[in-house]
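K.L.:
I need the structure of the sequence given here:
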Amino acid sequence: MKTNENQEKVHTEKKNKESDKKQEPRMPNIKVFTGCSHPEIATEIVKRLGIDLGRATTKKFSNKETNVEIGESVRGEDVYIVQSGCGEINDNLMELLIMVNACKIASASRVTAVIPCFPYSRQDKKEKSRAPITAKLLANLISVSGADHVITIDLHSSQIQGFFNIPVDNLYAEPAITKWIKDNIPEWKSSVMVSPDAGGVKRMTSIADNLDIDFAIIHKERQRANGEESTVLVGDVNNRTAIMVDDLADTCDTILKGAEKLKEAGANKIYAILTHGVLAGNAIDKINNSCLEALVVTNTIPQEKNMKLCPKLQTIDISVMLAEAIRRIHYAESVSYLFSNVPY
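P.N.:
All right, here's what the predicted structure looks like:
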């Protein structure tokens with residue numbers, strides 16, 4: 001009798017172990033850490049995911065070397081490190097590389113660099129002799145540091161994805177921008193989408209098609225060789241609301257010159273919507289004195305200080321998109337849904 005009871009007990013234990021194995025997640029556990037560049041967006045991401053932010057401390061030695069300490073075990077974990085290309089860009093970039101490497105040599109299963117605003121993205125080709133392709137150099141640095149994957153938003157040019165030998169998920173801010181337009185511009189159905197230069201035409205026409213509205217282009221041209229540049233508006237904005245879209249604004253000169261051109265052409269209201277609001281130099285003063293109704297940016301770069309100085313500045317929260325991308329990648333689900341939808 002005892003032998004039968006023991007056999008049944010062993011059989012039951014085996015069944016329980018098998019059922020436990022079936023219930024285990026296919027991917028390893030998840031950890032999200034943040035660097036110093038934009039901890040606010042990392043906090044929103046983990047809140048959305050329903051987990052705690054990973055413990056990590058960064059400090060600088062007296063000679064300005066960066067030191068990183070990961071404060072918890074990452075062995076066998078799926079690690080995501082959030083660090084945007086803003087603020088002290090070079091210091092923050094070095095911090096990201098060190099954090100990635102620290103997690104990789106601590107036996108993390110996979111390390112993903114989450115870079116909402118990818119730095120050096122405008123240096124993606126040789127404009128003249130002996131010019132560097134710094135975006136390619138940065139891709140090499142991230143790969144060599146040990147990153148297995150990169151998540152970013154609205155790369156300045158899509159060919160930067162080809163600079164990497166690891167997977168890159170380049171998410172689009174377009175769905176969030178489309179939603180903001182519908183929610184905040186009452187007359188959006190009769191408005192006109194505008195690209196401030198030829199480089200942003202593809203992005204602008206995509207949004208215009210989704211909204212089923214007209215579009216216009218501001219084109220720069222020279223009347224003669226070595227002559228001054230002039231701008232030409234192709235399209236009708238008279239007595240209509242104009243909505244300019246672009247991927248990045250640094251000094252805001254291109255956007256504000258475009259706004260003046262639209263005002264001259266008879267536009268009633270002018271909005272500018274950008275993915276990455278660098279807003280360097282005296283850009284805030286220029287915006288305050290401009291004819292813009294509002295300048296809207298996503299929070300890939302922190303804007304709290306700028307919003308206090310500029311009543312026209314508004315933000316779109318992009319953390320929900322990043323959090324959903326992390327969740328889908330963690331569970332090996334498709335990310336393409338996010339290319340045309342905003343997660344709820």
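K.L.:
my guess is Q314 meets E293, correct?
P.N.:
No - with contacts counted by C-beta atoms under 8 Å, Q314 stays clear of E293, the gap being 10.2 Å. All C-beta atoms are positioned from the backbone trio N, CA, C, and that covers glycine.
K.L.:
what domains does the record give for this structure?
P.N.:
Following automatic domain parsing, one gets these domains for the chain: 30-173+320-339, 174-222+229-316.
K.L.:
I'd like the ones you listed written out as JSON lines, with mean neighbour count and mean pLDDT added.
P.N.:
Putting the domains of the chain into JSON lines (neighbours: other C-beta atoms under 10 Å; pLDDT from 0 to 100) gives the following:
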{"stretch": "domain 30-173+320-339", "mean neighbour count": "18", "mean pLDDT": "95"}
{"stretch": "domain 174-222+229-316", "mean neighbour count": "18", "mean pLDDT": "94"}
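K.L.:
all helices for this protein, in order.
P.N.:
Secondary structure of the chain (DSSP state H): helices at 2-23, 39-49, 89-105, 134-145, 174-184, 201-211, 253-264, 283-288, 304-309, 319-330.
K.L.:
what's the last one in contact with?
P.N.:
What it means is helix 319-330. For helix 319-330, contacts defined as C-beta atoms under 8 Å, 6 or more residues apart in numbering pick out 27, 30, 32, 41, 44-46, 48-49, 78, 80, 82, 112, 114, 116, 149, 151, 153, 169, 171, 173, 175-176, 299, 333-335, 337-338, 342-343.
K.L.:
over to the third one?
P.N.:
The set of residues external to helix 89-105 that reach it, using C-beta under 8 Å, 6+ apart, is 33, 35-37, 56, 58, 66, 68-70, 74, 79, 81, 83-86, 111, 113, 115, 119, 138, 141-142, 145-147.
K.L.:
try it again with 6 Å
P.N.:
Contacts of helix 89-105 with the rest of the structure, by C-beta atoms under 6 Å, 6 or more residues apart in numbering, involve 35, 37, 58, 66, 68, 70, 74, 79, 81, 83, 111, 113, 119, 145-147.
K.L.:
show me the residues you listed that map onto strands.
P.N.:
Counting by DSSP state E, the contacts of helix 89-105 place 58, 66, 68, 70, 79, 81, 111, 113 in strands.
K.L.:
for those residues, work out which two are farthest apart.
P.N.:
Greatest spatial distance among these (C-beta to C-beta): T66 and V79, at 18.5 Å.
K.L.:
so I243 versus A216, what's the distance?
P.N.:
The spacing between I243 and A216, counted by C-beta to C-beta, to the nearest Å, is 10 Å.
K.L.:
cool, and I45?
P.N.:
From I45 over to A216 the distance is 36 Å, taken as C-beta to C-beta.
K.L.:
repeat that for I115.
P.N.:
According to C-beta to C-beta, I115 stands 32 Å off from A216.
K.L.:
likewise A332?
P.N.:
In terms of C-beta to C-beta, A332 sits 43 Å off from A216.
K.L.:
same check, this time on A198
P.N.:
On the measure of C-beta to C-beta, A198 and A216 end up 13 Å apart.
K.L.:
may I have the beta-bridge partners of the nearest residue to Q303 once chain neighbours are set aside?
P.N.:
Nearest residue to Q303 in three dimensions, chain neighbours excluded: T315, at 5.2 Å (C-beta to C-beta, 6 or more residues apart in numbering). As for beta bridges, T315 partners with V297 under DSSP bridges.
K.L.:
so who does T315 touch?
P.N.:
Counting by C-beta under 6 Å, 6+ apart, T315 makes contact with 297, 299, 303.
K.L.:
repeat for L248
P.N.:
L248 makes contact with H276 under the criterion C-beta under 6 Å, 6+ apart.
K.L.:
which residue ranges form the strands in the stretch 151-300 of the chain?
P.N.:
For the stretch 151-300 of the chain, the strands defined by DSSP state E, counting those that start in this stretch cover 168-171, 192-195, 214-222, 229-234, 241-249, 269-277, 294-298.
K.L.:
turn those into TSV, columns for distance to L256.
P.N.:
Output for the strands of the stretch 151-300 of the chain, formatted as TSV (distance: least, C-beta to C-beta, whole Å):
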stretch	distance to L256
strand 168-171	27
strand 192-195	13
strand 214-222	12
strand 229-234	12
strand 241-249	9
strand 269-277	8
strand 294-298	9
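K.L.:
so which of those strands is nearest G258?
P.N.:
Closest to G258 of the strands of the stretch 151-300 of the chain is strand 214-222 (C-beta to C-beta; 4.9 Å).
K.L.:
helices and strands around the closest one, which ones?
P.N.:
When contacts are defined as 3 or more C-beta pairs under 6 Å, 6 or more residues apart in numbering; DSSP states H and E, strand 214-222 sits against strand 192-195, helix 201-211, strand 229-234.
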